[in-house]
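K.L.:
The sequence and its predicted three-dimensional model are supplied below.
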Amino acid sequence: MKKILIGIIVLALAAFAVDKFFFAKPGNENASQPKKQPLAISKNSGAFNDSFEQLLGSYFSLKDAIANYDTARANAAAKEMVVFADSLKTNEIKGDSAGDIRKTAEDFSGTISGSAKGLQGEPDLTKKKREFQMISEALYNLIRTVRYDRQKLYHQHCPMAFGDNEEAWWISNSNKIDNPYLGRKHPKYKAAMADCGDITDSLDFSK
């Protein structure tokens, strides 16, 4: 009798197992798992990144021209920068359903464009450097706003950009200091102060 009861129990357990694993209702298998949450910030499109790289390229050309005290090249780079700032594809920014990032990005790119135009109209190199300072700070804030993530960039600092006590900043794609404010042809220091400065922030949104 005991053997019969044990056999009945084994058969019942086997039937329960078959029903659970082979005839379970769809959807029940994930009932206890938490739902996946959408990403808070998505990557920007290739079209946006391409347009942003053009803007960065013109900025680095401008930085090098100022470092070399080359006003003609600085004007040419600033002219390109106006075009790239005005045509920045802010409509391709992703993860911005409310449009706040786009609006802020457009404000900063407008500042860059306006200062680049102002730089072209300044005959004096020191005044061009003032406009370059405005461009650099607007670009720094623009990079952080759109979270540009194709390369690591550095916010660098000169403690004596306009005299001994007036500081300024710029953006670099290298952690090496190549100071555009003091430059390589400074009337007093020549190239001796070209490596003067420090890194105040690194921008790496690829992680």
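P.N.:
That came through, no problem. Because the structure is predicted, anything quoted here is derived from the model rather than measured. Numbering: from 1, shown residues only.
K.L.:
Which helix or strand contains the closest residue to Leu62 other than its chain neighbours?
P.N.:
What sits nearest to Leu62 in space, not counting adjacent residues and going by C-beta to C-beta, 6 or more residues apart in numbering, is Ala77, at 3.8 Å. (Glycine included, C-beta is placed from N, CA and C.) Secondary structure from DSSP states H and E places Ala77 in helix 71-86.
K.L.:
quick revisit: name all residues that make contact with the residue nearest to Leu62.
P.N.:
Ser58, Tyr59, Ser61, Leu62, Ala65 (C-beta atoms under 8 Å, 6 or more residues apart in numbering).
K.L.:
What of Gly121?
P.N.:
If a contact means C-beta under 8 Å, 6+ apart, then Gly121 has no contacts.
K.L.:
that older thread, list buried residues within the contacts of Ala77.
P.N.:
Ser58, Tyr59, Ser61, Leu62, Ala65 (16 or more other C-beta atoms under 10 Å).
K.L.:
quick check, the second one in a helix?
P.N.:
In other words, Tyr59. Yes - the assignment for Tyr59, made by DSSP: H, G, I helix; E, B strand; the rest coil, places it in a helix.
K.L.:
show me where this protein has strands.
P.N.:
Taking DSSP state E, the strands of the chain run over residues 153-158, 168-172, 198-203.
K.L.:
on that earlier part again, from the contacts of Ala77, which is closest to Tyr154?
P.N.:
Taking C-beta to C-beta as the measure, Tyr154 lies nearest Tyr59 of the contacts of Ala77, at 13.0 Å.
K.L.:
Need the pLDDT of the closest one.
P.N.:
For Tyr59, the pLDDT comes out at 98.
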